[in-house]
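A.B. asks: sequence plus the predicted model coming up.
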Amino acid sequence: MHEVAVAQQMLEVIRRTLEGRPPVRVRVARLVLGQLTCVDPETLSFAFEVACRGTAAEGCRLEVERVPLRVRCTACGAEEERGDPMAPCERCGDRRGEVVAGRELQLTTLDVEEHGP
Amino acid sequence: MTEVIRIQEGVLADNDRAAEDLRLRFRESGTCVVNLMSGPGAGKTTLLERTAEALQGRLRLGVAVGDIQTSRDADRIARHGVPVVQINTGDACHLDARMVTPAADHLLPLGLDLLIVENVGNLVCPAEFEIGEDAKVVMLSVTEGADKPAKYPLMFHVSRLMLVSKVDLLPHVDFSMEAAIADARALNPDLQVIALSARTGEGLDPWIDWLLGLRDKARGR
Ligand SMILES: Nc1nc2c(ncn2[C@@H]2O[C@H](COP(=O)(O)OP(=O)(O)O)[C@@H](O)[C@H]2O)c(=O)[nH]1
Ligand SMILES: [Mg+2]
Ligand SMILES: [Zn+2]
């Protein structure tokens, strides 16, 4: 399970993002996570919470936005969401397709507050 | 007061940068690199032993093996006279570019034509991590079942070649080659497929030819 490695990288990205700013506390971190990405959101949330301990992001809320898999059909060119990656094209029935979206693994925004009482 | 800060880089940006550094180094030393991935026990090390024999005198092969603790795989391959570096992965379930870098430090000065990296046995995690390779190869053994591409679509999506291994066991198992290939190609229409057996040697020639072809293409880059 590489969720721990992913969580540590998320924290590293947060650290770099906050570098050079006045001290803040992170309240919310938002992550977009494609359906095809092999990261389990619950495991990641837990690993992230652990990774955040003792940092400016300790106790922050992780909001995960799932991005559905989108595929462009190789046979007919139709572009559609595929809940099931193995499902055939709704228009022509072919299964082969090019992945248009669904591989996202990106922090998008942080809500931060000034540090202090 | 709450402030919203935008973030510009992807979560795996660090790894992507380290992989890019490796890619440049591989290119400079003229070494073609294959990232060989599979579930546990699909037959990667056995195939590498056969590959080392087949490539002897034809090109300079080196191998890096990701192994959780033991050096058993590395020892098996080293017996065939190929330079091998074992990458101790500890509790990591995949190789990343940072872990491959010391292996590259060791192996690249030897002037290799081809470096094959045996990844950790896992059909999930290694798919996410670039290591500066020219091609990702996924191996699926017939004993694992034909449902794996449907269960782990990312691995088959990112790979250039699928090796269906242990085909000598086909008479004894319930494995549909057509279903496995069709599922694997659903999100990767260009996926190449070679069926082989390291035990009988069936399919070994196409695999060796594929490696030689990749090496030639890498030279022209
Ligand atoms: N029948 C058969 N067994 C194989 C073949 N290749 C490997 N094996 C066996 O599968 C087991 C795992 O092989 P190994 O190469 O260690 O797999 P790895 O974990 O992917 O490196 C060993 O017992 C091998 O002897 C093959 O082509 N046919
Ligand atoms: Mg092995
Ligand atoms: Zn279609």
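C.D. replies: Looks like it came in fine. Ligands and ions are numbered 1, 2, ... in the order given.

A.B. asks: what kind of secondary structure is the residue nearest the centre of chain B in?
C.D. replies: Residue closest to the average C-alpha location in chain B (Cα atoms, centre = their mean): B:Leu36, at 1.2 Å. Look at B:Leu36: counting by DSSP: H, G, I helix; E, B strand; the rest coil, its state is strand.

A.B. asks: let me see the confidence value for it.
C.D. replies: Listed pLDDT for B:Leu36 reads 98.

A.B. asks: so A:Val64 sits against A:Ala29, correct?
C.D. replies: No: using Cβ atoms under 8 Å, A:Val64 is not in contact with A:Ala29, being 9.5 Å away. For glycine as for every other residue, the C-beta is placed from the backbone atoms N, C-alpha and C.

A.B. asks: among the two, which residue is more densely surrounded?
C.D. replies: Per other Cβ atoms under 10 Å in any protein chain shown, whichever of A:Val64 and A:Ala29 has more neighbours is A:Ala29, with 26 against 15.

A.B. asks: how about the residues of chain B by chain A?
C.D. replies: Counting by Cβ under 8 Å from any Cβ of the partner chain, the residues of chain B close to chain A are B:1-7, B:9-15, B:92-94, B:96, B:124-125, B:127-129, B:150, B:152-155, B:157, B:182-183, B:185-187, B:189.

A.B. asks: what's the first-to-last distance across stretch B:187-202?
C.D. replies: End-to-end span of stretch B:187-202 (Cα to Cα, to the nearest Å): 28 Å.

A.B. asks: I misspoke; the intended subject was stretch B:164-178.
C.D. replies: This stretch, stretch B:164-178, spans 11 Å end to end (Cα to Cα).

A.B. asks: from the residues of chain B next to chain A, which land in helices?
C.D. replies: Per DSSP state H, helices hold the following members of the residues of chain B next to chain A: B:Ala13, B:Asp14, B:Asn15, B:Ala150, B:Pro153, B:Leu154, B:Met155, B:His157, B:Ala182, B:Asp183, B:Arg185, B:Ala186.

A.B. asks: now B:Gly41: how far from chain A?
C.D. replies: 19 Å (Cβ to the nearest Cβ, to the nearest Å).

A.B. asks: show me what contacts that residue?
C.D. replies: Contact analysis of B:Gly41 by Cβ atoms under 8 Å, 6 or more residues apart in numbering or on different chains lists B:Gly121, B:Ser141.

A.B. asks: next one, pLDDT for it please.
C.D. replies: 95.

A.B. asks: how about residue 94, nearest residue that isn't a chain neighbour?
C.D. replies: Defaulting to chain A. A:Ala75 (3.7 Å; Cβ to Cβ, 6 or more residues apart in numbering or on different chains).

A.B. asks: actually it's chain B I care about, not the one you picked
C.D. replies: Using Cβ to Cβ, 6+ apart, the closest residue to B:His94 is B:Cys125 (3.8 Å).

A.B. asks: go through the longest helix seen in chain A and flag the buried ones.
C.D. replies: The single longest helix within chain A, with elements called by DSSP H, is helix A:3-18. Residues A:3-11, A:13-14, A:17-18 are the ones in helix A:3-18 that count as buried (16 or more other Cβ atoms under 10 Å in any protein chain shown).

A.B. asks: likewise for stretch B:95-111?
C.D. replies: B:Leu95, B:Asp96, B:Ala97, B:Met99, B:Val100, B:Thr101, B:Ala103, B:Ala104, B:Leu107, B:Leu108.

A.B. asks: tell me which of those residues is nearest to A:Cys52?
C.D. replies: For these, the minimum distance to A:Cys52 (Cβ to Cβ) is 21.2 Å, reached by B:Asp96.

A.B. asks: what residues are up against the nearest residue to A:Cys38 once chain neighbours are set aside?
C.D. replies: Nearest residue to A:Cys38 in three dimensions, chain neighbours excluded: B:Val124, at 4.6 Å (Cβ to Cβ, 6+ apart). When contacts are counted by Cβ under 8 Å, 6+ apart, B:Val124 touches A:Met1, A:His2, A:Cys38, B:Cys93, B:Tyr152, B:Leu154, B:Met155.

A.B. asks: which pLDDT value belongs to B:Val124?
C.D. replies: So B:Val124 comes in at 93 (pLDDT).

A.B. asks: tell me how far B:Asn88 lies from chain A.
C.D. replies: 16 Å.
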